[in-house]
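Engineer: 3D model of this:
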Amino acid sequence: MIGYRQRFTPLQRLLHWLMAICILTMLFIGVGMVSTVKPKYLTLVSIHKPLGIAILVLALIRLAVRLRYGAPPLPADLPEPMKLAAQLSHYALYVLMIGMPLLGWGMLSAAAYPVVLFGGVHLPAVLPQSDSLHTLLWNAHFYLAFVFFALVLLHIAAALFHALVRRDGVFEAMAPVPTHHAVAPAE
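Structural biologist: Presented below is the predicted three-dimensional model:
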């Protein structure tokens, strides 16, 4: 990061909120997929696959932008355990934003199912066909989705904590538009 700034860049904020919508949509589509049968299942799957690839592409762009521009500093008075939790949870979110679509793609490849994007574009298989590998990846994808959902809820709770309780400018740094409560970090 070059120089001091109080907010994420407009591109970082746009990517964050666009991905928030995509990820929440994906999580709810996933819940719908495991709790329904045909024909709704096939409709949900046809949305789930390309949305997963879109999330993967957006996450890679977001990671590159984050590495290029960094992030505003956390408030100096934020307790060290909270700073560590914020850092570790962001690493975990990036791992899941990138890893979940890759697991899904690998799982489908191992089952010889095509990954069809909008417009009929087919992605190549990334793994050989294998029933045992498909089962392993399906289980990983399924259970990590719960971890992802829990982490998203924790992230939302932390954002609300910073916005409503601490009022320390952390929420405002990622808010889509400037708020009246923006606060400079403590020195």
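
Engineer: CA atoms for contacts and neighbours, from now on please.
Structural biologist: Will do.

Engineer: give me the below-cutoff pLDDT ranges for this structure.
Structural biologist: 1-5, 180-187 (pLDDT under 70).

Engineer: try it again with 80
Structural biologist: Filtered on pLDDT under 80, the chain yields the residue ranges 1-5, 37-38, 178-187.

Engineer: now the strands for it?
Structural biologist: Using DSSP state E, the strands of the chain run over residues 115-116, 122-123.

Engineer: hey, which of those is tucked in deepest?
Structural biologist: Ranked by mean neighbour count, these are led by strand 115-116 with a mean of 19 (mean count of other CA atoms under 10 Å).

Engineer: can you put the strands of the chain in a markdown table and add distance to G104?
Structural biologist: Listed next are the strands of the chain as a markdown table, based on distance: least, CA to CA, whole Å:
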| stretch | distance to G104 |
| --- | --- |
| strand 115-116 | 9 |
| strand 122-123 | 12 |
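
Engineer: now for the ones you listed, which one comes closest to H162?
Structural biologist: Smallest distance to H162 across these (CA to CA): 39.5 Å, for strand 115-116.

Engineer: so for G30, which of the strands of the chain sits nearest?
Structural biologist: Closest approach to G30 among these (CA to CA): strand 115-116, 15.8 Å.

Engineer: how distant is the closest one from the center of its chain?
Structural biologist: Relative to its chain's centre, strand 115-116 lies at 20 Å (CA atoms, centre = their mean, to the nearest Å).

Engineer: please renumber so the chain begins at 408
Structural biologist: Sure thing, new numbering starts at 408, so read that last one as strand 522-523.

Engineer: could you measure from S516 over to T443?
Structural biologist: According to CA to CA, to the nearest Å, S516 and T443 sit 23 Å apart.

Engineer: hmm, back to that, D538: which of the strands of the chain is closest?
Structural biologist: Shortest distance between D538 and the strands of the chain, using CA to CA, is found for strand 522-523: 17.1 Å.

Engineer: counting contacts, what elements does that closest one pack onto?
Structural biologist: helix 447-476, helix 487-517, strand 529-530 (3 or more CA pairs under 8 Å, 6 or more residues apart in numbering; DSSP states H and E).

Engineer: show me the contacts for F415.
Structural biologist: By CA atoms under 8 Å, 6 or more residues apart in numbering, F415 lies in contact with 478-479, 580-581.

Engineer: quick one, which of those are buried?
Structural biologist: Neighbour-count burial (16 or more other CA atoms under 10 Å) is assigned, among those, to 478-479, 580-581.

Engineer: distance to Y501 added to these, as JSON lines?
Structural biologist: Formatted as JSON lines, those follow (distance: CA to CA, whole Å):
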{"residue": "A478", "distance to Y501": "14"}
{"residue": "P479", "distance to Y501": "18"}
{"residue": "A580", "distance to Y501": "18"}
{"residue": "M581", "distance to Y501": "16"}
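
Engineer: which one of those is nearest K456?
Structural biologist: Distance to K456, by CA to CA, is smallest for M581 among the buried ones among the contacts of F415, at 28.1 Å.
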